[in-house]
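[1] 3D model of this:
(one chain, ligands or ions: 2)
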Amino acid sequence: MKRTVFAAALNHQSQIEAWAAAFQQPPYQHPPQHPVWFIKPRNTWRSHRDTVGLPAGEQVYSGATLAVVIGETARKVSAEKAREVIAGYALANELSLAEESFYRPAIKAKCHDGFCPIGEIAVLPDVSALQIITEVNGEVRDCWNTADLRRGATELIASLSEFSTLQPGDVILLGTPQQRVAIHAGDVVTIKAAGLPELSNPFSDSAPPMEQLSGQPTLFALGLNYADHASELDFKAPEEPLVFIKAANTLTGDHSVSVRPDDVEYMHYEGELVVVMGKTARRVSRDNALDYVAGYTLCNDYAVRDYLENYYRPNLRVKSRDTLTPLREAIVRPSALPDPHNLALKTFVNGELRQSGNTRDMVFDIPFLIAWLSEFLTLQPGDMIATGTPKGLADVRPGDEVVVEIEGVGRLTNRIVSEQQFEDSLK
Ligand SMILES: O=C(O)C/C=C\CC(=O)C(=O)O
Ligand SMILES: [Mg+2]
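    Ligands and ions are numbered 1, 2, ... in the order given. Got it, this is the predicted structure:
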């Protein structure tokens, strides 16, 4: 069973060449120094022969790629050892709207329902020079070679597992070339490569309804959803929700530890109200949105600012690190919290009040966020929306106790430890 589907962007030589001049300018400033990660959440997953519905009025592009499937737990694995954790490979179609910017997470371009069909797994001894062929209605329309990838499977596993422990069932998509194939309703897109089961999907302008999904619930998180926090970071409040996704590996519980990397200057807390979905939601109106909510809880959306790069910012390396998202499992039912938009939110460090806000100050409120997301993707029971943090960030150090408290929802306590302390605790 798939767990998290990670994807590498800008990993094909043709993309870096096409974007070379732009990456020397704002907002990028320089070419990416680290792999550019994004996540294809479970609503995007489809299988061989599944029909994929195309969003009305949008041009969708095929993105044939190779998926590497993790077979064993991989934590801080070297590239040399990475081969040992690979269960096999599959073909995938990393579907996308046009890639017009890599600055902020491209959830609208990448995460529509059905935007990630993945084929059956097979064991292959070597994928370093594999031809990936795309046929549309039986005609070859694209062909690229994995030899043109900037980082191969083992290097990507090493890079990702440095901050995100991989588990069996996790998948990494290795990237797509700059040129993509435009697809239309009525097309059948087939992806082929020697030694792998082909992946073929018909495309329609109306897709069958989503069944109940497997895989980990998706944790959507809002950036800059409080104007005072945006301004303390020298940003204006966004004109539409800035949504990024956090992977399952980052979650930890109440009274747990969060690891501060030893080589960083600034790791800060972010107390946040979290909405937990209770019913399948697709194209839900703002007026009805709260009817789909199972309850509310809270999280601490820690960030390691040293690792920020202006590619799909905030990057997974900043926001999706092991142990850096404490989340309280117990939820408060909507009946006990009639107005989630008027709750005091506080964060204390070692008993001292450091952050104090109110959920009434959200830029985009909860009904808006549910309606906006469900306009292009299906929210499933268990999916969560961390609604952003107000002003008042500060660095935290090993030994600090951090408590997030939201009126009517409860408290979340955790302690900061150093990498060395955490490694010692594992021995
Ligand atoms: O790009 C940045 O510096 C901020 C991105 C996300 C901030 C966040 O998680 C929040 O506002 O909450
Ligand atoms: Mg946050």
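
[2] the helices in this protein, which residues?
    With DSSP state H as the criterion, the chain has helices at 13-19, 79-82, 107-110, 153-161, 227-232, 316-319, 366-374, 419-426.

[3] which residues of the stretch 201-350 of the chain lie near ligand 2?
    Within the stretch 201-350 of the chain, the positions near ligand 2 by CB under 5 Å from the ion are 270, 301. The C-beta positions use only the backbone N, C-alpha and C, and glycine is treated the same way.

[4] from the stretch 201-350 of the chain, which residue is nearest to ligand 1?
    Proximity to ligand 1, evaluated over the stretch 201-350 of the chain using CB to the nearest ligand atom, is greatest for G223 at 3.0 Å.

[5] if we can go back for a sec, where among the helices of the chain is the average confidence lowest?
    Ranked by mean pLDDT, those end with helix 227-232 at the bottom, a mean of 89.

[6] buried sites along that one?
    Within helix 227-232, the residues scored as buried using 16 or more other CB atoms under 10 Å are 227, 229-230.

[7] what is the burial count for N315?
    When counting by other CB atoms under 10 Å, one arrives at 24 neighbours for N315.

[8] tell me the spacing between the closest residue to it other than its chain neighbours and Q13.
    Excluding its sequence neighbours, the residue lying closest to N315 (CB to CB, 6 or more residues apart in numbering) is E309, at 5.6 Å. Look at E309 and Q13: by CB to CB, to the nearest Å, they are 19 Å apart.

[9] quick check: bridge partners of A193?
    L196 (DSSP bridges).

[10] would you format the helices of the chain as CSV with distance to H184 included?
    Formatted as CSV, those follow (distance: least, CB to CB, whole Å):
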stretch, distance to H184
helix 13-19, 24
helix 79-82, 38
helix 107-110, 18
helix 153-161, 32
helix 227-232, 39
helix 316-319, 32
helix 366-374, 25
helix 419-426, 50
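
[11] of all these, which lies closest to ligand 1?
    Short answer: helix 227-232, nearest of the helices of the chain by CB to the nearest ligand atom, at 5.2 Å.

[12] what's in contact with the closest one?
    The contact list for helix 227-232 (CB atoms under 8 Å, 6 or more residues apart in numbering) reads 224, 236-238, 357, 361, 363, 388-393.

[13] just stretch 176-189 next, same as before
    By CB under 8 Å, 6+ apart, stretch 176-189 touches 12, 14-15, 17-18, 54, 59-65, 93-94, 96, 134-138, 141-142, 144, 148, 200-205.

[14] near ligand 1, which residues of the chain show up?
    Residues of the chain lying near ligand 1 by CB under 6 Å from any ligand atom: 221, 223-225, 229, 233, 270, 301, 313-314, 388-389.

[15] which among those end up buried?
    Neighbour counting over the residues of the chain next to ligand 1 (16+ other CB under 10 Å) leaves 221, 223-225, 229, 270, 301, 313-314, 388-389 as the buried ones.

[16] before we move on, back to that, dump the residue contacts of the residue nearest to N315.
    Neighbours of E309 in contact, by CB under 8 Å, 6+ apart: 32-34, 36, 315, 317.

[17] please identify, among those residues, the one with the most neighbours.
    N315 leads those on contacts (other CB under 10 Å) with 24 neighbours.

[18] I'd like the distance between it and I245.
    N315 is 12 Å from I245, by CB to CB.

[19] my read: R397 touches Q421, true?
    No. Under the criterion of CB atoms under 8 Å, R397 is not in contact with Q421, lying 11.6 Å apart.

[20] those two: which is more packed in?
    Q421 (16 against 11).

[21] with adjacent residues omitted, what lies nearest to that one?
    Once flanking residues are discounted, Q421 sits nearest to P398: 6.3 Å by CB to CB, 6+ apart.
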